[in-house]
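Asks: Need a 3D model of the following:
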Amino acid sequence: MKFFPLSVVFAATLAITSAADEVKSNLRFSNGDRLSGSMDSLTTDRLLWNSPILEKPVPFFLDHVIDLTLNASQPDIASSHEASVTLTNGDLIRGQLVSVNGDIVELDTWFAGRMRFNRLMITDIKIAERPHFIYRGPTGLDGWKQSGDKPTWTYQNSGFHSIVAGSIARDLDLPDECSIAFDAAWKGSLQFTLVFFSDDLSSDRPGTGYYMNFQPRSIFLRNLKTQKQLGNTQNAQALQENEKGRIEVRASLKTGKICVFVDGRIIEVFTDPDVTRIGMGRGVHFINQNTLPLQISRIEVGSWDGEIEQLPDPQRFRQLGMEQQDDPEPAPKEKPKSGRMELRNGDTLPGEVLSIIDGTVTLKTPFREVKLPIERLRSVALKSVDLERCKREGGDVRGWLPDGSSLVFRLDGTGEGTLTGYSQNFGTAVFKLAAFSRLEFNIYDPDREDILKANGW
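Replies: Next up is the predicted model:
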């Protein structure tokens, strides 16, 4: 089989994908070139790629490839909780917690079945309640409407991307009490707006709904129907310090309460005194308000029970008056001490996990055994150990999944729709190839970061 050098394949200038095109699979090469198409096959050192600009499928050596994006989607999972396991090498894996002991943590995953993780390489475990999702995605541009005459959003890497101002919106049939969560990533200064309960998907300023604007450190809220300003908080420090974050908005048309979270931390609880469900739409807009890159991914929309279990920390600036207080900045909230688990309502409980059966966790506390639904926990206490980091292996790749999970493994083999990989973190696992939205190669190349910065995400 003949393997084409990049200079031959890219002798002619590739056609630039327009903003209206939907790129589902894409190859990115070490020289900065991109090639859209579809993958015919993959081995441990090469892939066979099919593209409309190629006469026939062409093989490429993986040592020339930066990453490969694929059209992946996550199946529905019947579970009341989701556990997020963070590893010492930065990997994050999501699944359902099966067992915890001093040596091993077991997760049931949708992409590789049951996985056993080495306790020495786990930094923490977080637990989140898993609501019934109305929408999870995106998986493409279908069903979404963009404002203006010219599309300003594209779809790639399981997310929406924009480098110019404009709105992308969809009717998600929001319930009266809902949760809207998503990952946002940006370059430079954040200038982004979320509109929810909208009745006009074609406009970035619909006549009904709530207009929540995000800027470095601050979040502003307005009722578009009454044009009443509902508040401005300066407590979103993470939006100023980082260029990415997990944002969640919980809103109720019954009580008028609107809560906003950044990276799991409650930032503010707004109240609309004129709340009404009459005439409210059910759409959601994501609006880029400047010409800097913005990415929206891992959108999850579900119901909310209306319960406010946390309150935001005291702030120096609050609501519309924004009168400066003399109180110093609040100290960051301390993590639960070793041997204590945090509950969903913010309380902590000392103890250790004895068993996990059918979604119920049994805890051994200094007083007695306690049984709780696992979704009542926010974190799991792990035995104190000297942490280790897994060894880097030749042939390591990094896989990304639509649920936001990422993991590094040595690519040992490929099968019919599967990848076999090894890591000291979890041993050998067989992954579903269709589960990956992105595969990164040559991840330890010292020039890799410069290539990625030059080409965006």
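
Asks: Now for the nearest residue to P206 once chain neighbours are set aside, how many residues are close by?
Replies: Leaving aside its sequence neighbours, P206 sits nearest to D200 (C-beta to C-beta, 6 or more residues apart in numbering; 3.8 Å). For glycine as for every other residue, the C-beta is placed from the backbone atoms N, C-alpha and C. Look at D200: counted by other C-beta atoms under 10 Å, it has 19 neighbours.

Asks: roughly how far apart are D200 and N223?
Replies: 15 Å (C-beta to C-beta, to the nearest Å).

Asks: ok, now L87?
Replies: Going from L87 to N223 by C-beta to C-beta gives 43 Å.

Asks: contact partners of stretch 192-202?
Replies: The contact list for stretch 192-202, computed with C-beta atoms under 8 Å, 6 or more residues apart in numbering, reads 145, 147, 167, 169-171, 174, 178, 180, 184, 186, 204, 206-214, 224, 247, 249, 251, 253, 279-289, 294.

Asks: same thing but at 6 Å, please
Replies: 145, 169, 180, 206, 208-214, 280-281, 283-285, 287, 289 (C-beta atoms under 6 Å, 6 or more residues apart in numbering).

Asks: List the beta-bridge partners for S36.
Replies: Under the criterion DSSP bridges, S36 forms beta bridges with N26.

Asks: what about it, distance to E129?
Replies: 38 Å.

Asks: between these two, which one's more packed in?
Replies: Remark: of S36 and E129, S36 carries more neighbours, 20 against 17, as counted by other C-beta under 10 Å.

Asks: from memory that one sits against N26, does it?
Replies: Yes: assessed by C-beta atoms under 6 Å, S36 is found in contact with N26 at 5.1 Å.

Asks: Determine whether the claim that I443 is in a helix is correct.
Replies: No: under DSSP: H, G, I helix; E, B strand; the rest coil, I443 sits outside any helix and is assigned coil.

Asks: That one: what's its closest spatial neighbour, skipping adjacent residues?
Replies: R398 (5.1 Å).

Asks: residue ranges with poor pLDDT in the stretch 351-457 of the chain?
Replies: Residues of the stretch 351-457 of the chain that meet the criterion pLDDT under 70 lie in 451-457.

Asks: those strands in it, which residues are they?
Replies: Ranges of strands in the stretch 351-457 of the chain, per DSSP state E, counting those that start in this stretch, are 352-357, 360-364, 369-373, 396-400, 406-415, 418-423, 427-432, 438-440.

Asks: For P312, find the nearest of the ones you listed.
Replies: strand 369-373 (25.6 Å; C-beta to C-beta).

Asks: Each with direction, which strands does that closest one pair with?
Replies: According to DSSP bridges, strand 369-373 forms sheet pairs with strand 360-364 (antiparallel).

Asks: Residues in contact with the partner strand: which ones?
Replies: Under C-beta under 6 Å, 6+ apart, the answer for strand 360-364 is 351-352, 354-355, 369-372, 374.

Asks: and if we set it to 10 Å?
Replies: Strand 360-364 is contacted by residues 81, 97, 100, 127, 341, 349-356, 369-377, 380-381 when judged by C-beta atoms under 10 Å, 6 or more residues apart in numbering.

Asks: what's the spacing between the closest residue in space to L294 that isn't next to it in sequence and G166?
Replies: Spatially, and ignoring its direct neighbours in sequence, L294 is nearest to N288 (4.5 Å; C-beta to C-beta, 6+ apart). Distance from N288 to G166, counting by C-beta to C-beta: 6 Å.

Asks: Equivalent analysis for A78, please.
Replies: 37 Å.

Asks: Please say which of these two ends up with more neighbours.
Replies: Counted by other C-beta under 10 Å, A78 and G166 do not tie: G166 has more neighbours, with 19 against 7.

Asks: Contact partners for that one?
Replies: Neighbouring residues of G166 by C-beta under 10 Å, 6+ apart: 19, 146-148, 150-153, 204, 286-289.

Asks: okay, stretch 383-398 in CSV with CA atoms only?
Replies: Extracted C-alpha coordinates of stretch 383-398, given in CSV (Å, rounded to 0.1, in the frame of the first residue of the first chain):
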residue,chain,number,x,y,z
LYS,A,383,-8.2,6.7,51.7
SER,A,384,-5.2,9.0,52.1
VAL,A,385,-2.3,7.8,49.9
ASP,A,386,0.9,9.2,48.3
LEU,A,387,-0.4,9.9,44.8
GLU,A,388,1.5,8.8,41.7
ARG,A,389,1.3,9.7,38.0
CYS,A,390,1.0,7.2,35.3
LYS,A,391,4.0,6.5,33.0
ARG,A,392,4.1,8.1,29.6
GLU,A,393,4.1,5.5,26.9
GLY,A,394,5.1,5.5,23.2
GLY,A,395,2.0,5.5,21.1
ASP,A,396,-0.1,7.3,23.7
VAL,A,397,-3.2,9.0,22.4
ARG,A,398,-5.8,11.2,24.1
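
Asks: So for that stretch, what gets flagged as buried?
Replies: Of the residues in stretch 383-398, 390, 393, 396-398 count as buried by neighbour count, 16 or more other C-beta atoms under 10 Å.

Asks: residue ranges with poor pLDDT in this protein?
Replies: 1-24, 314-338, 451-457.

Asks: can you list the domains in it?
Replies: Domain ranges of the chain: 6-69, 133-303, per automatic domain parsing.

Asks: Now the ones you listed in JSON lines, please, with extra columns for distance to L107.
Replies: JSON lines is the format used below for these (distance: least, C-beta to C-beta, whole Å):
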{"stretch": "domain 6-69", "distance to L107": "25"}
{"stretch": "domain 133-303", "distance to L107": "18"}
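
Asks: Helices along the stretch 1-150 of the chain, start to end?
Replies: In the stretch 1-150 of the chain, the helices defined using DSSP state H, counting those that start in this stretch lie at 6-9.

Asks: how about the strands of it, start to end?
Replies: Under the criterion DSSP E, counting those that start in this stretch, strands of the stretch 1-150 of the chain are mapped to 26-29, 34-36, 38-42, 46-50, 58-61, 65-69, 81-87, 92-100, 104-109, 113-118, 122-129, 133-137, 145-146.

Asks: Would you reformat those strands as CSV and include distance to A429?
Replies: What follows is these, written out as CSV (distance: least, C-beta to C-beta, whole Å):
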stretch, distance to A429
strand 26-29, 25
strand 34-36, 29
strand 38-42, 17
strand 46-50, 21
strand 58-61, 25
strand 65-69, 19
strand 81-87, 14
strand 92-100, 10
strand 104-109, 9
strand 113-118, 6
strand 122-129, 16
strand 133-137, 24
strand 145-146, 39
